[in-house]
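Asks: sequence? don't have it. structure:
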């Protein structure tokens, strides 16, 4: 594959998808801040030197920056893009490198304190910080709701169409025509819910209640663990029961029910992601399943080739993940700021500047370590180093 094809097929879709999700996230912060009367100095898609930008009538610098792996909203009173507080302010404006120029540092005036983020009430600051991840969850819900209205929710009745020979399902006496009612006590309405329960429980036994010939039958199945390679070349540790659905259909809903179903799906995606991360932390799943920018770019390209429907679904899933990751209690991320605010609520006063500085340094180190780790995973998976040796 030549460089132009690589850029067109993978890099461009990746940048478009990521930029949209970053814009949604930062717009959540921006709108919440404006609602609370905070002055916005800069709204950037990307980090580093500015590629292009403009000022609006409120003095906000809207810009696109060179490193497209994120973005930020810089509010009045922030010392830098990590939103650390500044006790003084310069009279200048942000230049194209993200630095401040043209002013002399001085104490904030009462008017400036009124529009400074760090001088807002604790509840307002909490709302502004939480609004970014919340915007990602809402965006995912809106995308899924639109998908369910115009295309339909892909759904399959929880009825077994086929049982593989020699599979755990056959050993558990599951039969074609059985309708699965509950899995580990949880009611199921769609075959996808059975698949999700099997994958999330891995080696755990599954207690099933099935409807067979008009009566309920209780069974216990023990899924087998296999390593499967997906269409993108990624190897995943999966649990397999050995049953196939009777068929798939797309069910379209009205606006109200579509929103409700989208909320359920968003919550389900969030829960599944948290459980999978917990399994990685405890060693049940391999850390090789973690991917970074290269894997996201690869998947973005494949989804773009598959069509608009696949792109919409992929963006919804990615938006949920982006919102969830930003809620992790790591300084530098939104969750780290929320953790500081929770401590402030308990103590009755903010953490000292020194403690916050140490926290931000630790958070930056953790974020960089994770970025390096997942990127290393990506490069090993695509055999980048072998290609270099060749």
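Replies: Looks like it came in fine. For clarity, every value in this text was computed on a predicted model and none was experimentally measured.

Asks: contacting residues for residue 350?
Replies: By C-beta atoms under 8 Å, 6 or more residues apart in numbering, residue 350 lies in contact with 340, 344, 356. For glycine as for every other residue, the C-beta is placed from the backbone atoms N, C-alpha and C.

Asks: what about 6 Å?
Replies: Shown in contact with residue 350 (C-beta atoms under 6 Å, 6 or more residues apart in numbering): residue 344.

Asks: check for me that it belongs to a helix.
Replies: No - read with DSSP: H, G, I helix; E, B strand; the rest coil, residue 350 is coil and lies in no helix.

Asks: what about residue 46, how many residues nearby?
Replies: 21 (other C-beta atoms under 10 Å).

Asks: surely it meets residue 67?
Replies: Yes - taking C-beta atoms under 6 Å as the definition, residue 46 is a contact partner of residue 67 at 5.3 Å.

Asks: so what's the residue nearest the centre of the chain scoring on pLDDT?
Replies: Central residue of the chain (C-alpha atoms, centre = their mean): residue 321, 1.4 Å from the mean position. pLDDT for residue 321: 88.

Asks: before we move on, what about residue 99?
Replies: At residue 99, the model reports a pLDDT of 49.

Asks: same question, residue 238
Replies: Value for residue 238, per-residue pLDDT: 78.

Asks: any idea which helix or strand comes after the strand or helix carrying it?
Replies: Using DSSP states H and E, residue 238 sits within strand 235-240. Downstream of strand 235-240, the first helix or strand assigned by DSSP H and E is strand 243-245.

Asks: who's in contact with that following strand?
Replies: Contacts to strand 243-245, defined as C-beta under 6 Å, 6+ apart, come from residues 156, 160-163, 169, 191.

Asks: so for it, what's the average pLDDT?
Replies: Strand 243-245 comes out with an average pLDDT of 85.

Asks: same thing with stretch 201-209?
Replies: Rounded to a whole number, the mean pLDDT of stretch 201-209 is 81.

Asks: distance between the ends of it?
Replies: Counting by C-alpha to C-alpha, to the nearest Å, you get 17 Å between the two ends of stretch 201-209.

Asks: hmm, who's touching that stretch?
Replies: Applying C-beta under 6 Å, 6+ apart, the contact partners of stretch 201-209 are 180-184, 216, 218-222, 239, 284.

Asks: closest one of these to residue 30?
Replies: Nearest to residue 30 among these: residue 284, at 39.3 Å, using C-beta to C-beta.

Asks: could I get the full set of helices for the stretch 1-150 of the chain?
Replies: Here the stretch 1-150 of the chain has its helices, by DSSP state H, counting those that start in this stretch, at 3-6, 12-35, 110-114, 122-150.

Asks: ditto for the stretch 201-350 of the chain
Replies: Going by DSSP H, counting those that start in this stretch, the stretch 201-350 of the chain shows helices at 255-281, 293-306, 308-326, 334-347.

Asks: which one of those helices has the lowest average pLDDT?
Replies: helix 293-306 (a mean of 77).

Asks: okay, buried residues for it please.
Replies: Neighbour counts over helix 293-306 (16 or more other C-beta atoms under 10 Å) mark 294-304 as buried.

Asks: also stretch 213-226?
Replies: Under the neighbour-count criterion of 16+ other C-beta under 10 Å, stretch 213-226 has 219, 221, 223 buried.

Asks: could I get these as a markdown table with distance to residue 363 and pLDDT?
Replies: What follows is these, written out as a markdown table (distance: C-beta to C-beta, whole Å; pLDDT from 0 to 100):
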| residue | distance to residue 363 | pLDDT |
| --- | --- | --- |
| 219 | 48 | 90 |
| 221 | 43 | 88 |
| 223 | 38 | 87 |
